[in-house]
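In: no sequence on hand, only this structure:
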């Protein structure tokens with residue numbers, strides 16, 4: 001069965017389920033998108049890795065990556081390999097000493113690991129046929145990314161801070177492991193850097 005390569009195109013609050021998020025995967029060579037509902041902790045784990053944040057203590061996915069690295073296990077790819085009753089199934093395809101082996105995984109955890117290992121994400125045509133959608137407006141996807149979306153209250157307070165104050169605040173919230181606020185601060189810093197360029 002031919003695999004279809006995907007990339008993360010958006011991470012946002014789920015429209016259908018409150019207190020949950022949706023990660024949207026898009027075909028590398030196509031217009032179809034695969035939205036997957038995930039929990040808040042998993043969304044945070046994906047966002048932290050995408051933003052290249054360095055928590056003071058490793059998150060669970062970081063711990064797992066560090067363990068795999070210590071035992072020289074390479075994560076070659078993740079495959080979203082099934083969809084049953086609206087639930088996606090995935091596996092980690094690993095390599096150790098020339099031997100390939102697979103590990104079952106929740107899809108959200110597999111995506112969080114793929115971001116950390118910078119490895120490809122794949123699925124199959126039958127999954128895209130069943131659950132894939134075509135989203136024409138890419139501006140909507142860009143607005144859904146955690147790096148582009150901030151609550152109004154945070155925007156006002158961050159806008160009034162200097163770059164130096166923002167960097168200090170970023171370190172403070174990272175020490176408290178408040179990664180959502182850290183992402184908003186990082187966004188503000190990046191926005192100002194883009195304006196200065």
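Out: Looks like it came in fine. Just so we're clear, the structure is a prediction, and the values are computed from it rather than from any experiment.

In: how is this structure carved up into domains?
Out: 3-144, 152-196 (automatic domain parsing).

In: for these, give me a markdown table that also has mean pLDDT.
Out: What follows is the domains of the chain, written out as a markdown table (pLDDT from 0 to 100):
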| stretch | mean pLDDT |
| --- | --- |
| domain 3-144 | 89 |
| domain 152-196 | 74 |
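
In: let's have these in JSON lines, adding mean neighbour count.
Out: (Each C-beta comes from the backbone N, C-alpha and C, glycine too.) Shown next, in JSON lines, are the domains of the chain (neighbours: other C-beta atoms under 10 Å):
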{"stretch": "domain 3-144", "mean neighbour count": "16"}
{"stretch": "domain 152-196", "mean neighbour count": "14"}
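
In: not counting its neighbours along the chain, what's nearest the residue positioned nearest the centre of the chain?
Out: Centroid-nearest residue in the chain: residue 46, 3.2 Å away (criterion: C-alpha atoms, centre = their mean). Leaving aside its chain neighbours, residue 46 sits nearest to residue 112 (5.0 Å; criterion: C-beta to C-beta, 6 or more residues apart in numbering).

In: pretty sure that neighbour contacts residue 47?
Out: No - using C-beta atoms under 8 Å, residue 112 is not in contact with residue 47, being 9.5 Å away.

In: contacts only, for the residue nearest to the centre of the chain.
Out: Shown in contact with residue 46 (C-beta atoms under 8 Å, 6 or more residues apart in numbering): 8, 11, 23, 38, 108, 111-112, 115.

In: residue 95 in helix, strand or coil?
Out: Using DSSP: H, G, I helix; E, B strand; the rest coil, the structure places residue 95 in strand.

In: tell me the contacts of it?
Out: So residue 95 contacts 73-74, 76, 101 (C-beta under 8 Å, 6+ apart).

In: tell me how far the residue nearest to residue 28 when sequence neighbours are not counted lies from residue 83.
Out: Take residue 28 and drop its neighbours on the chain: the residue closest to it by C-beta to C-beta, 6+ apart is residue 5, 4.5 Å away. From residue 5 over to residue 83 the distance is 17 Å, taken as C-beta to C-beta, to the nearest Å.

In: helix or strand right after the helix or strand where residue 129 lies?
Out: According to DSSP states H and E, residue 129 maps onto helix 125-131. Sequence order places strand 133-134 as the next helix or strand after helix 125-131, per DSSP H and E.

In: partners of that following strand, with directions?
Out: Sheet pairing here is set by DSSP bridges, and for strand 133-134 it gives strand 32-38 (antiparallel).

In: give me the distance from the strand it pairs with to the chain's centre.
Out: Relative to its chain's centre, strand 32-38 lies at 12 Å (C-alpha atoms, centre = their mean, to the nearest Å).

In: related to what we said a few turns ago, from the contacts of residue 46, which two are the most distant?
Out: 38 and 115 (12.7 Å; C-beta to C-beta).
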